[in-house]
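Trainee: pasting the sequence and the predicted model now:
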Amino acid sequence: MNDVVLRVQDLAVHYTVYEGGLLRSRERTIRAVDGVSFDLRAGEALGIVGESGCGKSTLARAILGLIRPTRGRVLWLGENLTELDEEALRRKRRELQIVFQDPLASLNPRMTVGDIIAEPLWTFFPKIATVQVEERVRGMMKMVGLLPNQINRYPHEFSGGQCQRIGIARALVLNPRLIICDEPVSALDVSIQAQIINLLQDLQRKLNLSLIFIAHDLSVVKHISDRVMVMYLGRSMEVSQQEHLYRRPLHPYTNALVKAVPIPDPRLARAQHETGLTGDMPSPFNPPEGCVFHTRCPYTVKRCRIEVPALRRMENDDWVACHRAEDLDLSIGKQAKLA
Amino acid sequence: MAMLEVRNLQVGFDTPEGEVQAVRGIDFDLEAGDALAIVGESGSGKTQSMLALMGLLAENGHASGEARFRGRDLMKLSPGELNQYRGAKIAMIFQDPMTSLNPYLNIEKQMIEVVMHHQGLDRREARAHAIEMLRAVRIPDPEQRIRQYPHEYSGGMRQRVMVAMGLLCEPDILIADEPTTALDVTVQAQINQLMAELRRSSNTAIVLITHDLGVVAGLCDRVLVVYAGRVVEYGTVEQIYYQPRHPYTRGLLASVPRLDAVRGAGLNAIPGNPPNLLDLPAGCSFRQRCAEAFEACGEEPALRDLGDGHLSRCHLEPEQ
Ligand SMILES: Nc1ncnc2c1ncn2[C@@H]1O[C@H](COP(=O)(O)OP(=O)(O)OP(=O)(O)O)[C@@H](O)[C@H]1O
Ligand SMILES: Nc1ncnc2c1ncn2[C@@H]1O[C@H](COP(=O)(O)OP(=O)(O)OP(=O)(O)O)[C@@H](O)[C@H]1O
Ligand code: SF4
Ligand code: SF4
Ligand SMILES: [Mg+2]
Ligand SMILES: [Mg+2]
C-alpha cells in the first residue's frame, strides 16, 4: 500500500522497575509493549482496545517518541522516528499530536485555558499575531464545545469532561495529520461524547486526518474505526476490519470483550451475567509462556502453553494471533441481536 | 425516615467572574441497600453535590441545604465530626485517581492508614485486609504490587486501587464517581459485580455517578437525571429507559453508541452546549438545546410527578 502514512514494526517498550528494601532490592522487567506491528493509511481510523495495563498508552507514547522504545521501528512517511534526536522529533509533533487519557493531570494548572490551547501555536509560529492566536483559540473552543468566554479560566475550574475538551482543542490547533487519542471520551458524558466522536470523524474525513483511537469502550471504538487492534499483555491479538471484528471475531479474547459490553437496556442487562472470562489477569512481570492469553482462554489446548502464536494474516486482510483461529467459530450473531 | 435524606442541596463557587451556581437544589432519599444512579451532562454538578455531602468542597465553594444521615445533618457537622463519617460510614471513590492518590506514598501506606484509623486494626491485620481488597479488585500479584507507588500502576489499575480503598471500611454508603470509566469491559464487569455483591451481602447503599447508561441498566434500581445543577427527571430504571419523559433524557439515551448500530450513520448528539452556570438563562435551562421547546418554556418548569413516583421537570404534557 503506498498510502500508508505510519508503519509500526516490532515495537517494544520494556520498563525496568526496582523493588524491595534498600538492601535486597531487585530489578524486574515489565514488557509493557512487546513486538507490536501495524500499518495506518492516510485518512484511516484505527481503534485500539484491550485490558487496562495491556500497554495501550505506552504504545501511543512510543509511537510519538515520548518514550524511547526498547526495540522496533516507527516509520512516519517513510522516516524512522526512533532514530531522530529530540529537536527533530519536536518538530515532527506539528504533524503528530496526542490527546491524553488523564484530562486534569495532563493540563498545566497554572496556565489559563486560552494559553494552554495557544501554546503549540506560539511554539511553532513565534511571530504569529496575538489577535490571530486569540481568534483561532476561540474558534477551537467553540468547535469542541467550550464557551469562548471561559478563555481566561484555569483547568481546576472545569469539570473532568470539560478538561478533556481543552486537551482536544489543544491537539487540533495545529491541524496535525495524525492524532492519537488516548481514551479521549471516556471522561465525557454521552451527549458530548457523541458530539466529539462526530467531530473527530468529521475532521478525519475533511482533512484526511489519520486517527489512532484508544478506548476501552468497544461501542465507541466500533463507531469511529475502520480497523480495530485488540491488545493483551503488550501484544496484539487481532487486527481486523471493524465489520468483521464485531460480527465474527477471530480471537477468543476479542470474543470475550465483545460479549462483556454493557447493554443499555435494564431487562437485557440483568440477563447478561457472565463475562465469559475467568481467572485473574496475569502479572505483567511474569507473563504466561506460549500464548499469553492461555491462562484465561476457554479454548486452550496443549500447544497454546508451549508455542507463542504469531500474528498471521487470514482472509480479507484480517490478522490474528491464535493457533486455533481456523477451527473456532466465534460468531456474535446472538449478542448482536440482543444489544 | 430514609437512611440518607438530601433536601434542597445547593453548591456555589465564588470566582472572579461571579458566582458559579453548580448545584441548584437536588433532593433524593437513599435506603440501605439502594442503588441510585446519578447521570447527566459533564459539569452538571454531579461530583460537586457529592463532595458537598462529604464536606470536601474547594475553598471557593459553599453549600447549603440538608443531608440527614440517620437523622444527623451532615451539613451542620464540624470538620472533625465529618471526618468520623468519611471513609467509615460514607466512602467515596473519586473520578480522578491521580489527584486523590498521594504520589509520594506507596499504596500500602495509603491503604493501611485508613483502616488503622477507622477500624482500629493493627498494622499486620490492616495490611492483610488491604491485600485482600486489592485481590478482590483483581490487582495481580497484590503482595508485591502493594509496595509500589501510584505512577507505577496503569490508569485502570489506579482506579481499581481507588475502588479497593472505598471498600476498605465496609461503608454504609458507597459513592462511586465514574468508578469504571478508565477500565476495560471485562474488568468493569468484575467491579460492577463486586459492587452488586457488596450491596447484597452488607446491604451497602450505592450512589453511582456515571455516563455509562449500559452500566446503570445492569447495576441500579433508580436514576436521577441532572442538568445544569437541577434534577430534571427521576424514576426507576424501567421508567427512565422505557418511558423517558424529559427531552434531555431522551437525547441522552439516543446518543449512546450501541454495538448494533450501523457505522458511519453518526451518533445523535444533542446539539449545543450546557448553559453557562455564571449566567443562567431564564426559563427551562435545557431550552436552547431542546427540539420541543415552545412558548411556555420561558418559565422555569417545576418537577412534576407523572405517577408512580416518576418525576420530570418539563412543560410538555405527559402523553398517556
Ligand atoms: N513508568 C512506568 N514504570 C514502570 N511500569 C510502568 C510505567 N508506566 C506503565 N507501566 C506498566 O506498563 C504496563 C502498561 O501500562 P499502560 O499505561 O501502557 O497501559 P494501558 O493499556 O494504557 O492501561 P489503561 O487502560 O489502564 O490506561 C502496566 O503494567 C503498567 O503498570
Ligand atoms: N473550584 C471551582 N470553582 C469554580 N467552578 C467550579 C469549581 N469546581 C467546579 N466548578 C464548576 O461546577 C460545575 C459542576 O462541576 P462538577 O465537577 O460537579 O461536574 P460533573 O457533573 O461532575 O461533571 P463531569 O461529568 O464532567 O465530571 C462545573 O461547571 C464546574 O466548572
Ligand atoms: S492460541 Fe490457544 S490459548 Fe491462545 S487464544 Fe488461541 S486457543 Fe486460546
Ligand atoms: S420545558 Fe420546554 S424547553 Fe424545557 S425540556 Fe421541556 S419542552 Fe424542552
Ligand atoms: Mg492508558
Ligand atoms: Mg464529575
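Mentor: Perfect, I can see it now. Ligands and ions are numbered 1, 2, ... in the order given.
Trainee: okay, CA-based contacts and neighbour counts for the rest of this
Mentor: OK.
Trainee: what's the one residue in the stretch 151-300 of chain A that gets nearest to ligand 4 in contact with, if anything?
Mentor: Per C-alpha to the nearest ligand atom, A:Ser191 is where the stretch 151-300 of chain A lies closest to ligand 4, at 15.1 Å. If a contact means C-alpha atoms under 8 Å, 6 or more residues apart in numbering or on different chains, then A:Ser191 has B:Glu41, B:Gly251, B:Leu252, B:Ser255, B:Val256, B:Ala269, B:Ile270 as its contacts.
Trainee: beta-bridge partners for the residue nearest to the spatial centre of chain A, please?
Mentor: Chain A has A:Ile214 as the residue nearest its centroid, 2.2 Å off, counting by C-alpha atoms, centre = their mean. Beta-bridge partners for A:Ile214, by DSSP bridges, are A:Ile48, A:Asp182.
Trainee: show the pLDDT at it.
Mentor: A:Ile214 is assigned a pLDDT of 93 by the prediction.
Trainee: that one contacts A:Val185, doesn't it?
Mentor: No: using C-alpha atoms under 8 Å as the test, A:Ile214 is too far from A:Val185 to be in contact (9.6 Å).
Trainee: all strands of chain A, in order?
Mentor: Secondary structure of chain A (DSSP state E): strands at A:4-19, A:26-41, A:45-50, A:71-76, A:79-80, A:96-99, A:178-182, A:210-214, A:227-232, A:235-241, A:312-313, A:319-320.
Trainee: and B:Glu59, which of those is closest to it?
Mentor: strand A:96-99 (29.7 Å; C-alpha to C-alpha).
Trainee: given that closest one, what are its sheet partners and their directions?
Mentor: strand A:178-182 (parallel).
Trainee: let me know the angle separating the partner strand from strand A:45-50.
Mentor: Interaxial angle of strand A:178-182 relative to strand A:45-50 (axes from the mean of the first three to the mean of the last three C-alpha atoms, to 10 degrees): 20 degrees.
Trainee: name the surrounding residues that touch strand A:178-182.
Mentor: A:56-57, A:60, A:95-101, A:171, A:209-215.
Trainee: 6 Å instead, please
Mentor: Residues from elsewhere that reach strand A:178-182 (C-alpha atoms under 6 Å, 6 or more residues apart in numbering or on different chains): A:Leu96, A:Gln97, A:Ile98, A:Val99, A:Phe100, A:Gln101, A:Leu209, A:Ser210, A:Leu211, A:Ile212, A:Phe213, A:Ile214.
Trainee: and those, which is the shakiest by pLDDT?
Mentor: Within the contacts of strand A:178-182, A:Gln101 has the lowest pLDDT, namely 67.
Trainee: could you pull out the helices for chain A?
Mentor: Using DSSP state H, the helices assigned to chain A run over residues A:56-63, A:86-92, A:113-124, A:130-143, A:160-172, A:190-207, A:218-224, A:242-247, A:252-259, A:266-271, A:302-306, A:333-338.
Trainee: okay if I get those as TSV plus distance to B:Gln243 and mean pLDDT?
Mentor: Listed next are the helices of chain A as TSV, based on distance: least, C-alpha to C-alpha, whole Å; pLDDT from 0 to 100:
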stretch	distance to B:Gln243	mean pLDDT
helix A:56-63	39	95
helix A:86-92	52	90
helix A:113-124	40	94
helix A:130-143	33	92
helix A:160-172	27	83
helix A:190-207	19	78
helix A:218-224	23	87
helix A:242-247	29	89
helix A:252-259	27	89
helix A:266-271	12	83
helix A:302-306	49	97
helix A:333-338	19	43
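Trainee: could you dump the ones you listed to a markdown table with distance to ligand 2?
Mentor: Shown next, in a markdown table, are those (distance: least, C-alpha to the nearest ligand atom, whole Å):
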| stretch | distance to ligand 2 |
| --- | --- |
| helix A:56-63 | 22 |
| helix A:86-92 | 31 |
| helix A:113-124 | 12 |
| helix A:130-143 | 15 |
| helix A:160-172 | 4 |
| helix A:190-207 | 10 |
| helix A:218-224 | 17 |
| helix A:242-247 | 29 |
| helix A:252-259 | 25 |
| helix A:266-271 | 22 |
| helix A:302-306 | 43 |
| helix A:333-338 | 28 |
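Trainee: quick one: the ones you listed as TSV, columns for distance to B:Ala217 too.
Mentor: Output for those, formatted as TSV (distance: least, C-alpha to C-alpha, whole Å):
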stretch	distance to B:Ala217
helix A:56-63	28
helix A:86-92	45
helix A:113-124	36
helix A:130-143	32
helix A:160-172	22
helix A:190-207	15
helix A:218-224	16
helix A:242-247	22
helix A:252-259	16
helix A:266-271	4
helix A:302-306	37
helix A:333-338	14
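Trainee: for ligand 1, find the nearest of the ones you listed.
Mentor: If we rank the helices of chain A by C-alpha to the nearest ligand atom, the stretch that ends up nearest is helix A:56-63, at 3.6 Å.
Trainee: run through the bridge partners of the nearest residue to A:Gly72 once chain neighbours are set aside.
Mentor: Distances taken as C-alpha to C-alpha, 6 or more residues apart in numbering or on different chains place A:Leu11 nearest to A:Gly72, at 4.1 Å, with adjacent residues excluded. Here A:Leu11 shows beta-bridge partners A:Val36, assigned using DSSP bridges.
Trainee: need the contact list for A:Leu11.
Mentor: A:Leu11 makes contact with A:Gly35, A:Val36, A:Arg71, A:Gly72 under the criterion C-alpha under 6 Å, 6+ apart.
Trainee: may I ask which of the residues you listed has the most neighbours?
Mentor: Ranked by the number of neighbours (other C-alpha atoms under 10 Å in any protein chain shown), the contacts of A:Leu11 place A:Val36 first, at 20 neighbours.
Trainee: could you measure from it over to A:Asp10?
Mentor: Using C-alpha to C-alpha, to the nearest Å, we find A:Val36 at a distance of 5 Å from A:Asp10.
Trainee: what do you get for A:Leu245?
Mentor: To A:Asp10, A:Leu245 is 23 Å away according to C-alpha to C-alpha.
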